[in-house]
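Chemist: this is a predicted model, with the sequence first.
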Amino acid sequence: MLEVVSRLTAPLLPLTTEEVWRGLTGGRSVHLTDWPAAADLPADDALVAAMDLVRDACSAGSALRKGANLRNRLPLSQLTVVVADAAGLAGFESIVADELNVKAVRLLDAGAPEAASYGVSQRLTVNARAAGPRLGKEVQTAIKGSKSGDWSVAADGTVSSGGLALQEGEYTLEAVADGDSSTGMLPGGGFVVLDTAVTPELEAEGVARDLVRTIQQARRDAGLDVSDRIALTVAGPAGVLAAARTHESLVAGETLATSVAYDDADEVKVAVTRA
């Protein structure tokens, strides 16, 4: 399997895969071999479905961040993902958390009683083209029922609208947020809820992460190598200095600072020198 992966990733990691492939096979070059056939790679439909859902959750969460004007480097406390099969996402929480910069990702089954507390309702849309040939003129009754709220879902999953039972393919049943800007719908069903409350602790960490970016730019401007250790001086208002002191280990670790000094100033400025 590693040999197949080496061939697959050779265009992206030409030197690394060359070394690995030669060590495994003793062949001349991985770049002279054939591209792997799809049959050489095991199918994992559950993994594909889970990753599709992870992508959708990240996309919806990112849209909620932008809608609330919350910058990416500002950490948030939690994202709740409500889907039909929450267990299918178990183990992928860290990916979502890293992508959206949240402290925790909570998974909740859509059928759980708590899911109803998030202000999300269901909407029924009748597909007239699909239902029309079977229902005839009565399809208008079903459409009116879906729009007026005269529809229901039985315990066995049967959907009725306007007193008429609908068959699979004749309708679309989707969840919609009831005007809550912190709730985002997922294309395949379900929704995410982003906790947009920013505590002083989260704000301080966000300021520290913004500071890290400023320091990294200062390193590049100074022509330092990525492995160079630095002596760092941070100047700025009291709030910025307080955040930097609270998260000094984060700032120093991310920027390879062996020492950090602080100065009061009206604007944020940093000075870096090779240690």
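Modeler: Sure, I can see it.
Chemist: return the distance of the residue nearest to Leu194 when sequence neighbours are not counted relative to Val120.
Modeler: The shortest distance from Leu194 to any non-neighbouring residue, by C-beta to C-beta, 6 or more residues apart in numbering, is to Leu64 (4.3 Å). C-beta coordinates here come from the backbone N, C-alpha and C atoms, glycine included. Here the criterion is C-beta to C-beta, to the nearest Å. By it, Leu64 lies 14 Å from Val120.
Chemist: who has more neighbours out of those two?
Modeler: More crowded of Leu64 and Val120, by other C-beta atoms under 10 Å: Leu64, with 22 against 19.
Chemist: quick check, pLDDT for Val120.
Modeler: pLDDT for Val120: 80.
Chemist: now do the same contact list for it.
Modeler: For Val120, the contact set (C-beta atoms under 8 Å, 6 or more residues apart in numbering) comprises 82, 175-178, 183, 191.
Chemist: do the same with Gly27
Modeler: 21, 33 are the contacts of Gly27 under C-beta under 8 Å, 6+ apart.
Chemist: which residues sit against the worst-scoring helix or strand of the chain on mean pLDDT?
Modeler: Lowest mean confidence among the helices and strands of the chain (mean pLDDT, DSSP states H and E): strand 171-177, at a mean of 79. Strand 171-177 has contacts (C-beta under 8 Å, 6+ apart) with 110, 119-127, 131, 146, 153, 159, 161, 183-185, 189-191.
Chemist: my read: the residue nearest to Leu194 touches Thr196, true?
Modeler: Yes: the pair Leu64 / Thr196 is scored as a contact, 7.3 Å apart, by C-beta atoms under 8 Å.
Chemist: ranges for the strands of the chain?
Modeler: Ranges of strands within the chain are 76-83, 102-109, 120-126, 151-153, 159-161, 164-166, 171-177, 183-185, 191-194, 230-236, 257-264, 269-274, based on DSSP state E.
Chemist: got the domain ranges for this protein?
Modeler: 2-40, 45-117+179-198, 120-177, 201-274 (automatic domain parsing).
Chemist: which parts of this protein are helices?
Modeler: Counting by DSSP state H, the segments of the chain that form helices are 2-9, 14-25, 45-67, 93-100, 128-135, 139-148, 200-221, 238-246, 248-255.
Chemist: weakest of those in terms of mean pLDDT?
Modeler: Ranked by mean pLDDT, the helices of the chain bottom out at helix 2-9, with a mean of 90.
Chemist: which helices and strands does it pack with?
Modeler: helix 14-25 (3 or more C-beta pairs under 8 Å, 6 or more residues apart in numbering; DSSP states H and E).
Chemist: buried residues of the helix it packs on, list them for me.
Modeler: Buried residues in helix 14-25, counting neighbours by 16 or more other C-beta atoms under 10 Å, are found at 17, 20-21.
Chemist: same question, stretch 57-77
Modeler: Neighbour counts over stretch 57-77 (16+ other C-beta under 10 Å) mark 57-61, 64-65, 70, 74-76 as buried.
Chemist: that older thread, what do Leu64 and Val120 both touch?
Modeler: Residues touching both Leu64 and Val120 (C-beta under 8 Å, 6+ apart): Thr183.
Chemist: next, format the strands of the chain as CSV and append distance to Gly223.
Modeler: Converted to CSV, the strands of the chain look like this (distance: least, C-beta to C-beta, whole Å):
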stretch, distance to Gly223
strand 76-83, 36
strand 102-109, 36
strand 120-126, 53
strand 151-153, 65
strand 159-161, 66
strand 164-166, 68
strand 171-177, 50
strand 183-185, 43
strand 191-194, 40
strand 230-236, 12
strand 257-264, 17
strand 269-274, 10
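Chemist: check these for me and report the most buried one.
Modeler: Comparing the strands of the chain by mean neighbour count (mean count of other C-beta atoms under 10 Å), strand 191-194 ranks first with a mean of 25.
Chemist: strands paired with that one, and their directions?
Modeler: Strand 191-194 pairs in its sheet with strand 76-83 (antiparallel), strand 183-185 (antiparallel), by DSSP bridges.
Chemist: closest to Arg7 out of those?
Modeler: In terms of C-beta to C-beta, the element of those nearest to Arg7 is strand 76-83, at 35.3 Å.
Chemist: so which residues make contact with that closest one?
Modeler: Contacts with strand 76-83, where a contact means C-beta under 8 Å, 6+ apart, come from 53, 57, 61, 65, 70, 89, 96-97, 100-110, 112, 115, 118, 120, 186, 189-199, 202.
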